[in-house]
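S.K.: Got a predicted structure plus its sequence, pasted below:
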Amino acid sequence: MFIEKRKFGKDIKYYLVYSYREKDKVNKFRRYLGKNLSKQEIELSRNEAEKEISSLLDDLRIDIFNFVLTKNQIQKFNEIESKIKIDHLQIDWTKFTEEFVYNTNAIEGSTVSLDEVKEIIEHKKKPKDEEELEAKNVAKAVNYIMETKENLSLELIKKLHKICFTGTKSFAGKLRDVEVVVRTSRGDIVHSGVPFRELDDHLNDLIEWYKGNKDKFRPLVLAAIIHNQFEHIHPFQDGNGRVGRLLLNFILIKNKYPPMNIALEDRREYYSTLTEYSKNQNLKPTIEYLIKQYKKTLSEVTTKKKKM
């Protein structure tokens, strides 16, 4: 907010102005403070005007961590999601788990094939190395988010990491105590996680934001925000992608939506949407991408509609 002065004849009128951008349009709130004011009078009037503008902003926008969405933008995001038909779908959970475990691990470089994942999940094959053990563990994590009655919490986030990486990573279930960066195959840095000393604050902000705003968004938009912000924070030394995609599905299932698989073949676009969010605070590419993935998932793992 800033003070704006306007000259009218011999008088000077003072206004408190708040401006915000919505797409390519700049909108402003302007409140009249008075004319020919002293510094003390300006400050007194400003304090009252700030309270009034802040109250109006609470009705017009929602803070999303380090950026703002207006109610109009949120409505448009929610309208995009309405293109998905969610109508008492019956999920083949075994098939979903197999597809999800294969893809979510393969995105991170696992060489375990889909057929091998199926054998591991069906207990026809014992894991013989770390990659295969992580396939078994991630399947357990999928089962956990399906059945748990827990709410989103720091304990749940740590638990999911521990389930996924017990037996393969010494830091399973523990927040990192080192700085991390995400690099391309060429070594270029595309994202730096938040400083490790600030992890508790950022994760608690994530959880508190969820509690206060979960009823303002449709489930897929809400899941996209939580997933993207979690990946932006990057709280673990390794394994953030898999835990983030589990959290995405945790939010969906918690809100009585079917789960979603993100396909290995679409990995490049997936990373691109995360970068767009982290660098430019642009959520729209993620929502549009997830809708495409959702439609693909539902066509593969749904069987029939439940009878009412």
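M.R.: Arrived safely, thanks for sending. Numbering: from 1, shown residues only.
S.K.: Local confidence estimate at residue 187?
M.R.: On the pLDDT scale, residue 187 is placed at 67.
S.K.: now the strands for the stretch 51-200 of the chain?
M.R.: All strands of the stretch 51-200 of the chain, identified by DSSP state E, counting those that start in this stretch, fall at 61-64, 67-70, 89-91, 181-183, 189-192.
S.K.: What is the least confident helix or strand in this structure?
M.R.: strand 302-305 (a mean of 65; mean pLDDT, DSSP states H and E).
S.K.: Could I get the contacting residues of residue 157?
M.R.: 203, 230, 235, 243, 247 (CB atoms under 8 Å, 6 or more residues apart in numbering). (Each C-beta comes from the backbone N, C-alpha and C, glycine too.)
S.K.: CA-only coordinates of stretch 194-211 in PDB, if you can.
M.R.: Below are the C-alpha coordinates for stretch 194-211, written out as PDB (Å, rounded to 0.1, in the frame of the first residue of the first chain):
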ATOM      1  CA  VAL A 194      14.000 -23.900   1.000                       C
ATOM      2  CA  PRO A 195      16.900 -23.600   3.500                       C
ATOM      3  CA  PHE A 196      16.800 -26.700   5.800                       C
ATOM      4  CA  ARG A 197      16.700 -24.600   9.000                       C
ATOM      5  CA  GLU A 198      13.300 -23.200   7.700                       C
ATOM      6  CA  LEU A 199      11.700 -26.500   6.900                       C
ATOM      7  CA  ASP A 200       9.600 -26.800  10.000                       C
ATOM      8  CA  ASP A 201       8.200 -23.300   9.400                       C
ATOM      9  CA  HIS A 202       7.400 -23.900   5.800                       C
ATOM     10  CA  LEU A 203       5.800 -27.300   6.400                       C
ATOM     11  CA  ASN A 204       3.700 -26.000   9.200                       C
ATOM     12  CA  ASP A 205       2.600 -23.100   7.100                       C
ATOM     13  CA  LEU A 206       1.600 -25.600   4.400                       C
ATOM     14  CA  ILE A 207      -0.500 -27.600   6.900                       C
ATOM     15  CA  GLU A 208      -2.100 -24.500   8.500                       C
ATOM     16  CA  TRP A 209      -2.900 -23.100   5.000                       C
ATOM     17  CA  TYR A 210      -4.600 -26.400   4.100                       C
ATOM     18  CA  LYS A 211      -6.700 -26.400   7.300                       C
END
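S.K.: Can you give the contact residues for that stretch?
M.R.: So stretch 194-211 is contacted by 64-65, 151-154, 157, 175-179, 222, 226, 229-230, 232-235 (CB under 8 Å, 6+ apart).
S.K.: ok, residue 114 touching residue 98?
M.R.: Yes: in this structure residue 114 lies within contact range of residue 98 using CB atoms under 8 Å: 6.8 Å.
S.K.: ok, the two, which is more surrounded?
M.R.: Shown here are residue 114 and residue 98; by other CB atoms under 10 Å, residue 98 has more neighbours (24 against 14).
S.K.: can you put the contacts of residue 157 in a markdown table and add distance to residue 17?
M.R.: Output for the contacts of residue 157, formatted as a markdown table (distance: CB to CB, whole Å):
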| residue | distance to residue 17 |
| --- | --- |
| 203 | 35 |
| 230 | 35 |
| 235 | 38 |
| 243 | 43 |
| 247 | 39 |
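S.K.: just curious, which of those residues is nearest to residue 147?
M.R.: Distance to residue 147 across the contacts of residue 157 (CB to CB) is lowest for residue 247, with 15.8 Å.
S.K.: Could you tell me how far the closest residue to residue 137 other than its chain neighbours is located from residue 268?
M.R.: Once flanking residues are discounted, residue 137 sits nearest to residue 164: 5.0 Å by CB to CB, 6 or more residues apart in numbering. Residue 164 sits 23 Å away from residue 268, going by CB to CB, to the nearest Å.
S.K.: Those two: who's more crowded?
M.R.: Neighbour count, other CB under 10 Å: between residue 164 and residue 268, residue 164 has more, with 28 against 7.
S.K.: so that one makes contact with residue 141?
M.R.: Yes: with contacts counted by CB under 8 Å, residue 164 reaches residue 141, the gap being 5.2 Å.
S.K.: joint contacts of those two?
M.R.: 242, 246.
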